[in-house]
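Novice: Sharing a sequence plus its predicted fold:
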Amino acid sequence: MGFSILLGYLGVSAIGFSLGSVGAGGAILFNPLLIYFFGLTPVLASVYSMLVIGMTCFIGYWQRRYDVDYKIGLIMTSFALPSLLLTRNFILPNIPETLVFFNKNINRDLMLLKFLGIFILLAGTVMFFLNPKKIQHQEKNPIILMFFLMTMMGFLMGILGIGGGFIITPALAIIFHLSMKRAVATSLMIISINLLSGFFFGHVMLEQIRYQDLLSYLFFAIVGMTAGLFFSKIVSEKLAKKILSFVLIGTGLYTLIH
């Protein structure tokens, strides 16, 4: 096993750790890790991400299932699923490998990678500055707002294979006034249902999946998730989120510059 591969597996455990401790930072970091350390294309990385992060989030959800607000969680899931499956089955497969912008040819994988980099940078910035506990929101029609938010998230899940915990968790806390403990648990349920649905019912490149690698990613992610769940009980959530925000910002900048 090469040194870069070993670092990659340690990174997978760190991503599981992030999901277990703060309920975010999973798929959005897992994709670039698969691309840079394991040599996958962005599209194939999104396929792996949907199953590995989806299963890891499901385990995290099961550990926190008594804290879940099932009514809100299932409503939000129903908003995201249609756009996710539409994107996964019809939009992504029909994006040509070479696109033309301003008379310049741009590789599809490069475009998706840079798009992911922008999104990671945005995620880190939002996580660093946003404090849901200090925001007072009095939205009269939260369901309408969440419909548009989750429809957008479904599209991003389908294109990039991300979970969106960094958006969903604070949205639950701000718009529906859930405690952070309940918001994280509900977010894990939403992400697991969406990503696993995207894997099993989306456009999956089965012929390109190496199931031995898939299982190894899942194993290391679950180990990290277990450690993260323990860590969340002894270390402040604020500190964990600040650390994750720096990791996201650094990864986003590297992805854009590289």
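Specialist: Yep, it's here.

Novice: List the residue ranges of the stretch 151-258 of the chain that fall below the pLDDT cut-off.
Specialist: 203-207, 232-238, 240-241 (pLDDT under 70).

Novice: That one: helices as residue ranges?
Specialist: Counting by DSSP state H, counting those that start in this stretch, residue ranges of the helices within the stretch 151-258 of the chain are 165-175, 180-201, 211-234, 237-257.

Novice: Export those helices to CSV and append columns for distance to Met152 and mean neighbour count.
Specialist: (Glycine included, C-beta is placed from N, CA and C.) Converted to CSV, these look like this (distance: least, CB to CB, whole Å; neighbours: other CB atoms under 10 Å):
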stretch, distance to Met152, mean neighbour count
helix 165-175, 9, 24
helix 180-201, 13, 24
helix 211-234, 26, 17
helix 237-257, 19, 17
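
Novice: mind putting these in TSV, distance to Phe129 included?
Specialist: Output for the helices of the stretch 151-258 of the chain, formatted as TSV (distance: least, CB to CB, whole Å):
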stretch	distance to Phe129
helix 165-175	11
helix 180-201	16
helix 211-234	22
helix 237-257	8
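
Novice: Next one: the closest residue to Pro82 other than its chain neighbours from Pro42, what distance?
Specialist: Once flanking residues are discounted, Pro82 sits nearest to Gly154: 6.8 Å by CB to CB, 6 or more residues apart in numbering. Distance of Gly154 to Pro42, computed by CB to CB, to the nearest Å: 18 Å.

Novice: circling back to that earlier point, the helices of the stretch 151-258 of the chain: which one's closest to Leu51?
Specialist: The closest of the helices of the stretch 151-258 of the chain to Leu51 is helix 180-201. By CB to CB, the value is 4.6 Å.

Novice: tell me the angle of that closest one relative to helix 211-234?
Specialist: 170 degrees (axes from the mean of the first three to the mean of the last three CA atoms, to 10 degrees).

Novice: What is helix 180-201 packed up against?
Specialist: helix 42-63, helix 70-86, helix 142-160, helix 165-175 (3 or more CB pairs under 8 Å, 6 or more residues apart in numbering; DSSP states H and E).
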